[in-house]
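Undergrad: here are the coordinates; sequence isn't available:
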């Protein structure tokens, strides 16, 4: 039950009726009309800007139009207690108490679908995220994007969309050759006691390679590790496979399971790169030319050479992009072109890419090529996951992948747990940097948002245990009436915002809205709970050691929303703490 959509529909029906009888002009599109959450300093439940939208086309002030509409709106709805106009023309509506009686009954009876945006057109989505090079375990730099992609997928699934989660395995190119060589030298170190060439800056020095090397030795009875060239092909397959096992384990411990892993090597060997380039050629979007030096690059050191280029500037990019290197091999971008053509061939309505902060500059070229191949400017949406700053003992905690001493996902989970990792990584918008403080995420206080939300659910669970009820079961209670206080209505108004939160998080792909909302709802509940220390009427268990049905339903509705939100975020809702 989305009360904002409900009243938006009522208002639009009303103004269309007024337009039909000639008493009101309406614009061609009514998309600008909203019913929203009013500012907290106004004594009302919902607010609409309809008068301001109608002002221009009717050549009247918003205040005049609002004053014309308020009586008509109230006369058509007996649940409205007061309706008023505030500058510059907002119409504010406050409901009678009986409205909230019906609201909570409706939510309780439809608890599983409460929040789902039934008006949103259902689509088929492909969400690609993580896609880290398969050269070792996931580190903290990958963690935020992994959680972002997973929770965006969960929001879309909650809203009844068809969603596939995909990982693109970059298992082709120089970085994989260097990774395989690193494994080879670790194998030689184990078998023949040869020193690992740590001075070679192209190699991966991390200790995790020792475990990969041991696993390959134990599972292989065929390969001889005398010369790299003799075993490079087979060893690459084994090394990437072992690395992916490690990555999948990291992801599983984060609560993330991908539906599909797509290999760059398969894309290249299946000749999909050439097929995708041919499509662009047929559209006359590929040519042979030269690229000028990038901004900030010394022109004297830049060598201009004839290359195969994609007309990326035709689609808003700042320069055309190379598809081939000087040796005629494909660029990394060309492989990405083929991969996205592969995605498009699978007939998804929308593609979503989650990119790290270091790939933000890549967005223009890849959105350009998807538009070129599909003819649809809105086919691909890219979300950037900004950097995470680790704080420990009040000081920045640095990591370095090249030295092999970076902080892994496993390190982070071991330190603070999976729930804290997921919830805190998601607690701010993904487009701003995040400070992850090891100390604060362990606190049992209001300053730790995860603890505060989980504690809310645990408190409600304790009340249910008192009457031998399982909080996870549906509550089949129909015979009850509430007599609300303003404190209780304040919580119900927050509950009413849940569908709007889901709508915004889904349409804008902004999952941080979920934990922020859950924290606000929990804060309202804890405040109410604490009032019971001084006011017996606020206590859920009465003097007869029983819980009235109205209070039980009230608690159940709150707990259902908390559980729905925490399930989307992918964290536990413990019944005891």
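TA: Nice, thanks for sending it over. Please read these numbers as outputs of a predicted model, since none were measured by experiment.
Undergrad: Kindly state the domain boundaries assigned to this protein.
TA: Listed domain ranges for the chain are 3-95, 124-162+259-385, 174-253, 449-569 (source: automatic domain parsing).
Undergrad: Identify whichever of those domains lies nearest to residue 420.
TA: Among the domains of the chain, the nearest to residue 420 by CB to CB is domain 449-569 (5.5 Å). Bear in mind the C-beta positions are built from the backbone N, C-alpha and C, glycine included.
Undergrad: what pLDDT, on average, does that closest one get?
TA: For domain 449-569, mean pLDDT is 90.
Undergrad: Off-centre distance for that domain?
TA: 24 Å (CA atoms, centre = their mean, to the nearest Å).
Undergrad: now the end-to-end length of that domain.
TA: 13 Å (CA to CA, to the nearest Å).
Undergrad: Could you dump the domains of the chain into a markdown table with mean neighbour count and distance to residue 576 added?
TA: Listed next are the domains of the chain as a markdown table, based on neighbours: other CB atoms under 10 Å; distance: least, CB to CB, whole Å:
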| stretch | mean neighbour count | distance to residue 576 |
| --- | --- | --- |
| domain 3-95 | 16 | 33 |
| domain 124-162+259-385 | 18 | 25 |
| domain 174-253 | 16 | 24 |
| domain 449-569 | 18 | 6 |
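Undergrad: what residue is smack in the middle of the protein?
TA: residue 152 (3.1 Å; CA atoms, centre = their mean).
Undergrad: Distance of that one relative to residue 383?
TA: As judged by CB to CB, to the nearest Å, residue 152 and residue 383 stand 7 Å apart.
Undergrad: quick check, residue 125 in a helix?
TA: No - assigned with DSSP: H, G, I helix; E, B strand; the rest coil, residue 125 falls outside any helix and is strand.
Undergrad: Who are the contact partners of it?
TA: 153, 156, 161, 162, 163, 164, 348, 349, 350, 351, 352 (CB atoms under 8 Å, 6 or more residues apart in numbering).
Undergrad: Quick check: the second one touching residue 506?
TA: What that stands for is residue 156. Yes - contact criterion CB atoms under 8 Å: residue 156 and residue 506 qualify, at 6.3 Å.
Undergrad: in the protein, which helix or strand is least confident?
TA: strand 395-397 (a mean of 78; mean pLDDT, DSSP states H and E).
Undergrad: Could you list every helix and strand in contact with that one?
TA: strand 388-392 (3 or more CB pairs under 8 Å, 6 or more residues apart in numbering; DSSP states H and E).
Undergrad: give me that answer again for 10 Å
TA: Packing partners of strand 395-397 (3 or more CB pairs under 10 Å, 6 or more residues apart in numbering; DSSP states H and E): strand 388-392, strand 434-437.
Undergrad: Which element is encountered next along the chain beyond that strand?
TA: helix 409-416 (DSSP states H and E).
Undergrad: Name the residues that touch that next one?
TA: 137-143, 146, 208, 246-247, 249-251, 253-256, 388, 390, 392, 399, 407-408, 418-422, 424-425, 436-442, 450 (CB atoms under 10 Å, 6 or more residues apart in numbering).
Undergrad: elements contacting the very next helix or strand once past it?
TA: As assigned by DSSP H and E, the chain's next helix or strand after helix 409-416 is helix 418-425. On a contact count with 3+ CB pairs under 10 Å, 6+ apart, helix 418-425 meets helix 140-158, helix 409-416, strand 434-437, helix 449-466, helix 513-531, helix 549-569.
Undergrad: one step back: can you list which of the contacts of residue 125 are found in helices?
TA: Judged by DSSP state H, helices contain the following of those: 153, 156.
Undergrad: For the contacts of residue 125, work out which two are farthest apart.
TA: 153 and 349, at 14.5 Å, using CB to CB across these.
Undergrad: related to what we said a few turns ago, what does the least confident helix or strand of the chain contact?
TA: 140, 389, 390, 391, 407, 435, 436, 437, 438.
Undergrad: got any ranges where this structure has weak pLDDT?
TA: 293-302, 398-405, 479-480 (pLDDT under 70).
Undergrad: rewinding a little: overlap of the contact sets of residue 156 and residue 506?
TA: With CB under 10 Å, 6+ apart, residue 156 and residue 506 have common neighbours residue 120.
Undergrad: The closest residue to residue 100 other than its chain neighbours: which element?
TA: Distance criterion CB to CB, 6 or more residues apart in numbering; nearest residue to residue 100, sequence neighbours excluded, is residue 492 at 5.2 Å. Assigned by DSSP H and E, residue 492 belongs to helix 486-496.
Undergrad: coming back round to it: identify the contacts common to residue 152 and residue 383.
TA: Counting by CB under 10 Å, 6+ apart, the residues touching both residue 152 and residue 383 are 127, 129, 352, 354, 430, 509, 510, 511.
Undergrad: Just put the residues you listed in TSV and tack on distance to residue 6.
TA: Output for the shared contacts of residue 152 and residue 383, formatted as TSV (distance: CB to CB, whole Å):
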residue	distance to residue 6
127	31
129	35
352	30
354	34
430	31
509	25
510	24
511	25
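Undergrad: ok so residue 261 is a strand residue?
TA: Yes - counting by three-state DSSP, residue 261 falls inside a strand.
Undergrad: which residues touch the residue nearest to it when sequence neighbours are not counted?
TA: Spatial nearest neighbour of residue 261, chain neighbours left out: residue 167 (4.8 Å); criterion: CB to CB, 6+ apart. Contact analysis of residue 167 by CB under 10 Å, 6+ apart lists 128-132, 134, 146, 149, 244, 247-248, 251, 256, 258-263.
Undergrad: Assign residue 167 to helix, strand or coil.
TA: Once three-state DSSP is applied, residue 167 turns out strand.
Undergrad: cool, and residue 133?
TA: Residue 133 - assigned by three-state DSSP - is coil.
Undergrad: what would the contacts of strand 395-397 look like in CSV with distance to residue 200?
TA: Shown next, in CSV, are those (distance: CB to CB, whole Å):
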residue, distance to residue 200
140, 26
389, 31
390, 29
391, 34
407, 24
435, 35
436, 33
437, 37
438, 34
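Undergrad: Buried ones from the residues you listed, can you make that a ChimeraX selection?
TA: The following ChimeraX line selects those of the contacts of strand 395-397 that are buried, judged by 16 or more other CB atoms under 10 Å:
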select :140,390,407,436,437
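Undergrad: ok, so of the contacts of strand 395-397, who is nearest residue 40?
TA: Using CB to CB, those come closest to residue 40 at residue 435, 27.6 Å.
Undergrad: Verify the contact between that closest one and residue 394 for me.
TA: No - Residue 435 is beyond contact range of residue 394, at 11.2 Å (criterion: CB atoms under 10 Å).
Undergrad: Just say helix, strand or coil for residue 341.
TA: Assigned with three-state DSSP, residue 341 falls in the helix class.
Undergrad: and the gap between the nearest residue to it once chain neighbours are set aside and residue 312?
TA: Among residues not flanking residue 341 along the chain, residue 276 sits closest, at 3.9 Å (CB to CB, 6+ apart). The gap separating residue 276 from residue 312 is 14 Å, by CB to CB.
Undergrad: In the stretch 251-400 of the chain, what residue spans correspond to strands?
TA: With strands called from DSSP state E, counting those that start in this stretch, the stretch 251-400 of the chain shows them at 260-263, 286-289, 307-310, 321-322, 350-356, 380-385, 388-392, 395-397.
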